[in-house]
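1. I need the structure of the sequence given here:
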Amino acid sequence: MTSRAALLLVLLLPALVLAEPAMAPRQGDEPPPNDRLHTKTEGAISVTTAVPSADETYEIFGARLYRRNIQPVWVQIENLGNESLWFLPASLDYAYFTPIETSYRLQNRIPLLDLDPDVNREVFRRSMGIRVQPGESRSGYVFTRIDQGTKSFNVDVIGASEHFMMSFFVPVPGLKLDHYKVDWEALYPPEDVREVSLEELHAELAAMPCCVTDKKGKNKGDPLNIAVVGEVQDTYYAFMRSGWDETETIYSGSLWQTAKSALSGGEYRYSPVSALFVFGRPQDAALQKARTSIHERNHLRLWMTSLRYEGKPVWIGQISRDIGVRFTKKTITTHKIDPDVDETREYLLEDLAYSQSLKAFGYVPGVGEAPFDEPRGNLTGDPYFTDGLRIVLFLSSEPTDISEIERVYFGMAP
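-> Just a heads-up that it's a prediction; the model follows:
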């Protein structure tokens with residue numbers, strides 16, 4: 001048993017056992033009206049989840065919960081073992097809404113005492129209970145904050161002697177995501193895809209282009225300062241586990257939302273990014289991690305190469321930190337980057353390590369050194385300085401403790 005699991009058992013189980021008798025019974029609910037059920041089984045427990053879209057949520061609850069920043073997640077837990085289990089709703093979202101709080105927002109009534117008790121009862125009935133008895137199957141909704149695109153979350157269940165943690169990545173209809181357009185199998189002819197050794201990986205990555213370019217390939221931009229080794233799904237899941245968001249394609253709706261966020265300083269987690277080019281094509285994937293507003297975010301672009309290491313795709317990419325925004329004619333807005341691109345590169349290393357998504361890392365030569373007093377410039381004229389190295393990140397498909405991350409020595413160090 002891991003130290004985390006042991007701590008959960010010691011701290012939470014006594015409180016859950018004492019609280020259970022005072023709780024009203026919940027009858028649970030049927031799954032949402034879609035075919036997006038995701039099931040995982042571990043030992044004597046089976047967990048199924050589904051996330052209804054905005055319209056499906058309205059069909060279920062008769063209210064536009066998404067407009068109130070509430071996204072219900074349907075959870076079903078089958079306890080096939082011999083001991084009672086307790087579900088921890090905070091594992092889905094530490095800031096989740098309680099059933100009665102959800103009823104309050106659903107009715108949009110003030111004060112709380114004026115709430116319709118029948119509505120309270122119905123929302124409570126549909127919610128997910130905590131305790132799952134041996135041989136029992138329990139289902140219901142947990143009311144979380146909204147995540148669009150792909151919703152990533154954990155389902156933690158504890159018993160007297162066991163702890164189960166299952167990770168889910170569930171697509172939610174609504175956004176026009178850029179990576180949905182990519183045909184990964186068609187990027188390269190089969191004869192161009194090559195398996196490489198670790199030594200060859202070093203040489204190949206060091207020989208990759210230094211920078212992104214414009215569409216014509218004539219002008220160089222931001223440095224290609226990261227490389228990633230991981231399957232397509234594992235790569236996306238690793239970044240989502242770290243709190244990164246997908247990006248929308250550039251179309252009228254996303255441009256309008258971007259402009260509104262830029263003017264108001266508000267947050268738009270899925271804002272599209274402009275196209276930069278490597279291998280003669282725009283990025284295959286773009287991800288971002290917003291802070292307080294659209295003006296402040298980390299964003300990265302990835303291109304799959306024709307290389308494979310231990311059977312897994314090798315990616316080349318660029319990461320930078322946005323510290324401001326300005327308007328342009330072509331894309332409405334563009335971001336000003338932090339010139340210390342190495343700081344952002346190392347942030348990504350720390351971010352993936354703390355989210356247990358990284359199993360190894362190393363450094364290879366990249367763009368070449370650009371001193372603080374002699375910076376280079378990107379395609380929009382922003383300066384940057386760097387030690388010139390490119391970090392190589394080997395992603396893990398399973399959670400990896402930070403103490404277990406290996407350093408791969410390519411002969412380079414920052």
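
2. can you map out the strands along the stretch 1-150 of the chain?
-> Applying DSSP state E, counting those that start in this stretch to the stretch 1-150 of the chain gives strands spanning 38-42, 45-50, 71-79, 85-88, 131-132, 137-144, 149-159.

3. what do you get for the stretch 251-400 of the chain?
-> For the stretch 251-400 of the chain, the strands defined by DSSP E, counting those that start in this stretch cover 277-278, 281-282, 285-290, 297-309, 312-328, 332-337, 358-365, 376-377, 383-384, 389-395.

4. how would you label residue 234: helix, strand or coil?
-> With DSSP: H, G, I helix; E, B strand; the rest coil as the basis, the three-state label of residue 234 is helix.

5. can you tell me the closest non-neighbouring residue to it?
-> The shortest distance from residue 234 to any non-neighbouring residue, by CB to CB, 6 or more residues apart in numbering, is to residue 397 (4.6 Å). For every residue, glycine as well, the C-beta is placed using N, CA and C.

6. how is the chain partitioned into domains?
-> In terms of domains, the chain is parsed into 3-172, 178-407 (source: automatic domain parsing).

7. how far away is the spatially most central residue of the chain from residue 106?
-> Nearest residue to the geometric centre of the chain (CA atoms, centre = their mean): residue 240, 1.5 Å. Using CB to CB, to the nearest Å, residue 240 is found at 28 Å from residue 106.

8. what's the answer for residue 217, then?
-> Residue 217 is 54 Å from residue 106, by CB to CB.

9. ok, now residue 99?
-> 10 Å.

10. between these two, what contacts are shared?
-> Overlap of the contact sets of residue 99 and residue 106 (by CB atoms under 8 Å, 6 or more residues apart in numbering) consists of residue 123.

11. let me see the mean pLDDT of stretch 201-216.
-> On average, the pLDDT along stretch 201-216 is 96.

12. stretch 281-299 too?
-> 80.

13. residue 378 against residue 221, yeah?
-> Yes - contact criterion CB atoms under 8 Å: residue 378 and residue 221 qualify, at 4.4 Å.

14. neighbour-wise, which of the two wins?
-> It is residue 378, of residue 378 and residue 221, that has more neighbours when counted by other CB atoms under 10 Å, with 23 against 19.

15. quick one, phi psi at the more buried one?
-> When read as degrees, to the nearest 10, the backbone of residue 378 gives phi -100, psi -170.

16. pLDDT value on it, please?
-> 92.

17. could you pull out the helices for the protein?
-> For the chain, the helices defined by DSSP state H occupy 3-19, 54-61, 99-107, 117-126, 198-206, 232-241, 252-264, 341-354.
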